[in-house]
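Asker: Provide a 3D model corresponding to the input given below.
(chains A and B)
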Amino acid sequence: MTEKGYRSPQAAVNLTDLLARVENDRDLLRELVGIFKEDFPRLLQSLQESVAREDMKNVQDTSHALKGMLSGLSVMQAAATASRLEQMARGGITSGLTDALALLESQVAQLLPELDAYAEEAQS
Amino acid sequence: MLKTLALQADEKGVELLCEIAPSVPDVVQGDSNRLCQVLVNLIGNAIKFTDHGEVALNVQVETEDGHNRIIRFTVSDTGIGIPPEKQKLIFQPFAQADNSTTRKYGGTGLGLTISKCLVELMGGNLWVESEVGRGTQFHFTARLKTSEKPIEVGTIAPPERLRAVKVLIVDDNRTNRRILEGMLKRWDMKSTSVEDGEEALVLLSSAQNAGEPYALVLTDMHMPKMDGFGLVERIKDRPELHAPTIMMLTSAGHRGDAERCRELGITAYLLKPIRQSELREAIARALGAREQTGPIPLVTRYSLQDARDPQAVLRVLVAEDNPVNQRLAVRMLEKRGHRVTVAGNGREALEALEKDTFDLVFMDVQMPVMDGFQATSTIREREKSIGGHQIVIAVTAHAMKGDRDQCLAGGMDYYLSKPIRPQELDDVLDKYLVLRAKSVIAIEPIGISN
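Answerer: Next up, the predicted model:
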C-alpha cells in the first residue's frame, strides 16, 4: 500500500494512525471500511434531518455514533466536529448547530472515495 | 509502543532499534503513561527528522540505591541534527530549531517542553547532544523503583533448549546485529554476525566442513544485494549445508510473505523491533520444531500468542454498539488469542453475563437502551447477593478529564479511552493477567489512559 492518500493535503484519514491501530492488518482495514460505508450515509442523513428538526436527542445520538466511527478510522478532524455537535446537542445549544453540521459535511465530502482508495490498495 | 513507531520508521525506510542493558530490571515501578508519552515524543521526533539511517533507543541503569534506580534512556538518530545555538531553545514552548522546520516537518513545538516537564516530574533530567548533519541524541533519566517480585506473563522458554546453540546472525545494520548478539549472549547462545548473504554462505559452508554447523540462522529480510529470501533460496540450493533452522526478521510484513516463508521452509517470521521475550520464545519454538515430524506451522507473533498457556486465553465480553469499534475490538482481542462475545448494549451484556462467565468485560460507557454505567451498577448489585467480582473495563469516547474518576466511581475497575490502541489494550490485558497470576482478589483500579 502506498501512503499517497495520507500525504495529500486534502486527506481526511490519518493513515499512519489507522494502520497502527489495525496493527497493519490490511484485511481488517478493508472490513472496517466496508462496515463504515454501509452505516455512514444513513447516519449522516439522520443527523442532517435531526439538525433541521432541532431534534436534540437524535442529534446527540447520531453525532455520538458518527464520532465513534470516525475516530475508529482515524478521521480525526471530522470526529472532533461530530464530538462538538454531540456536546452542543447535550447542552441544548441550537445556535451554531447548522454551521457545525456544514463543517462536518465539508470534512467528510471526500471521505468515502479516500477510504475506498485505501481499501483498494489494501486489496492489491 | 515501539511496534507502532516501527510502522512510521518503516514508511521512511529508517531502521528502528532498541537495546536494553542486561542490568535494567525486567519490571520497574513508575508512571508508565508518562514514560511512554516522553518516549513516543522523542522517538517520533527522531523518526520525523531522520531520512536515512537509524533511530535507536538505548536503556541503561545510571545509578542504583536499594530498590531505587536512575534509569537513563537515550534516543539517538542519524538525522539532520540541531545547531548548538538552537539546542537550548528547543525546550521552550512553541520553539523549533528553525521556522522552516515547522513548514517541512510540522508539529507545534510543544512536545519537547511537555516531555521535559514530565521527565522532571519523574525526578529526572532531559538534555540533548547534537551535531548538524550527523544526528542527535536526546537523553533523559527517570527515578524508578524495582518491583519486589519479578513478574512474568506468558510462557517462558526453557533456557536449556537455547544454551550453547550456534546461531548465525545476518543483518546489514550494525546496531541491529549488536542488539541481537546481546540478547543471544544473555541466553548463553553462541552467535556470529555477518552483514550480508554472501558472507553468511561462506560461514555456513566453513562451519559445516569443520563439523560444527550452525543450528539456527537469524536473518534480516531487507538487505542490499541479497535479501533474506534470496539468502534462504541459496541455502536451500546447497543440500550439503543440511538446512539449518531459519528465522526471518522484517521491518514490515507484506502480503504473501508468510506463504513465501512456508514455501522456503522458513520456521519463523517476526516483525522488528522484536521484544526480547518474543524472540526467546520464537527461538525456543523454532528449535523445538526441528524435533517434530509432519507439517510445521510458521512461527509468527500471532502463533506465539496462540501457543500461550491456556490460562492466558481469556473469555471476554465486548459491550459496544458502534459496529466499527465493535469489530476493531473483537479482532484485536481475537488476534491475541482470546475468546470474544459481543453485546450491542448494556442490557445485552447483562443477558450474556447471566448465561456465561467472562474474565473481562469491555464496557462502552455510552450505549443505547442501557448504558455502561447502568449495566455495571446492575452487575455490582447482583454481586452483593451472589458474591464474586466481575472485572469491568470502561471504554469511553469522551476522553475528558474526570472520566476516569467517574468510571471508577461507577464500579468499573479499569479505564480505556476510545478508539482503543493496541499498546493500551496490551497493557490492560497484561495487568489483568499479572494480577490474576498473583491471585489478587481485591483488584486496585488502575487507569490506563489520560
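
Asker: so what's residue 70 up against?
Answerer: Defaulting to chain A. A:76, A:78-79, A:82, A:108 (C-beta atoms under 8 Å, 6 or more residues apart in numbering or on different chains). For the C-beta atoms, the positions are set from N, CA and C on the backbone; glycine is no exception.

Asker: hm, I was asking about chain B
Answerer: B:61-64, B:124, B:141-144.

Asker: just the helices in chain A please.
Answerer: Per DSSP state H, chain A carries helices over the ranges A:4-7, A:15-21, A:26-53, A:56-72, A:76-90, A:97-108, A:111-123.

Asker: ranking those helices by burial, who's on top?
Answerer: When these are scored by mean count of other C-beta atoms under 10 Å in any protein chain shown, the highest mean neighbour count falls to helix A:56-72 (a mean of 23).

Asker: Report the rounded mean pLDDT for that one.
Answerer: Helix A:56-72 shows a mean pLDDT of 92.

Asker: do stretch B:211-224 as well
Answerer: Mean pLDDT, stretch B:211-224: 90.

Asker: can you give me how far it is from the chain middle?
Answerer: Remark: stretch B:211-224 is offset 24 Å from the chain centroid, using C-alpha atoms, centre = their mean, to the nearest Å.

Asker: residues of it that come out buried?
Answerer: Of all the residues in stretch B:211-224, those buried under the rule 16 or more other C-beta atoms under 10 Å in any protein chain shown are B:213-223.

Asker: Closest to chain A out of those residues?
Answerer: Using C-beta to the nearest C-beta, residue B:221 comes nearest to chain A of the buried residues of stretch B:211-224, at 14.6 Å.

Asker: Can you give me every residue that contacts that closest one?
Answerer: Neighbouring residues of residue B:221 by C-beta under 8 Å, 6+ apart: B:227-229, B:248-251, B:257.

Asker: how does it look with 6 Å?
Answerer: Contacts were defined as C-beta atoms under 6 Å, 6 or more residues apart in numbering or on different chains; by that measure residue B:221 touches B:228, B:248, B:250.

Asker: For the second one, which three-state class applies?
Answerer: Residue B:248 falls in the strand class when you classify it by DSSP: H, G, I helix; E, B strand; the rest coil.

Asker: on that earlier part again, can you lay out the helices of chain A as JSON lines showing distance to residue B:32?
Answerer: Shown next, in JSON lines, are these (distance: least, C-beta to C-beta, whole Å):
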{"stretch": "helix A:4-7", "distance to residue B:32": "29"}
{"stretch": "helix A:15-21", "distance to residue B:32": "18"}
{"stretch": "helix A:26-53", "distance to residue B:32": "27"}
{"stretch": "helix A:56-72", "distance to residue B:32": "23"}
{"stretch": "helix A:76-90", "distance to residue B:32": "24"}
{"stretch": "helix A:97-108", "distance to residue B:32": "34"}
{"stretch": "helix A:111-123", "distance to residue B:32": "32"}
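
Asker: In terms of mean pLDDT, which of these ranks lowest?
Answerer: Looking at the helices of chain A, the bottom one is helix A:4-7 with a mean of 36.

Asker: next one: phi and psi at the closest residue to residue B:227 other than its chain neighbours?
Answerer: Spatial nearest neighbour of residue B:227, chain neighbours left out: residue B:221 (6.2 Å); criterion: C-beta to C-beta, 6 or more residues apart in numbering or on different chains. Phi and psi for residue B:221, reported as degrees, to the nearest 10, are phi -90, psi -50.

Asker: do residue B:365 as well
Answerer: According to degrees, to the nearest 10, residue B:365 has phi -80, psi -40.

Asker: Number of residues surrounding it?
Answerer: 23 (other C-beta atoms under 10 Å in any protein chain shown).

Asker: same check, this time on residue B:390
Answerer: By other C-beta under 10 Å, the residues close to residue B:390 number 19.

Asker: looking at it, it is touching residue B:380, isn't it?
Answerer: No. Using C-beta atoms under 6 Å, residue B:390 makes no contact with residue B:380, being 8.4 Å away.

Asker: For the stretch 251-400 of chain B, what lies in contact range of chain A?
Answerer: B:322-325, B:327-328, B:331, B:397 (C-beta under 6 Å from any C-beta of the partner chain).

Asker: Please convert these to a markdown table, extending it with secondary structure.
Answerer: A markdown table is the format used below for these (three-state DSSP):
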| residue | secondary structure |
| --- | --- |
| B:322 | coil |
| B:323 | helix |
| B:324 | helix |
| B:325 | helix |
| B:327 | helix |
| B:328 | helix |
| B:331 | helix |
| B:397 | coil |
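
Asker: can you redo these as TSV with pLDDT, distance to residue B:189 and neighbour count?
Answerer: Formatted as TSV, these follow (pLDDT from 0 to 100; distance: C-beta to C-beta, whole Å; neighbours: other C-beta atoms under 10 Å in any protein chain shown):
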residue	pLDDT	distance to residue B:189	neighbour count
B:322	91	47	26
B:323	92	47	19
B:324	93	44	24
B:325	92	43	24
B:327	93	41	20
B:328	92	38	24
B:331	89	35	18
B:397	77	47	22
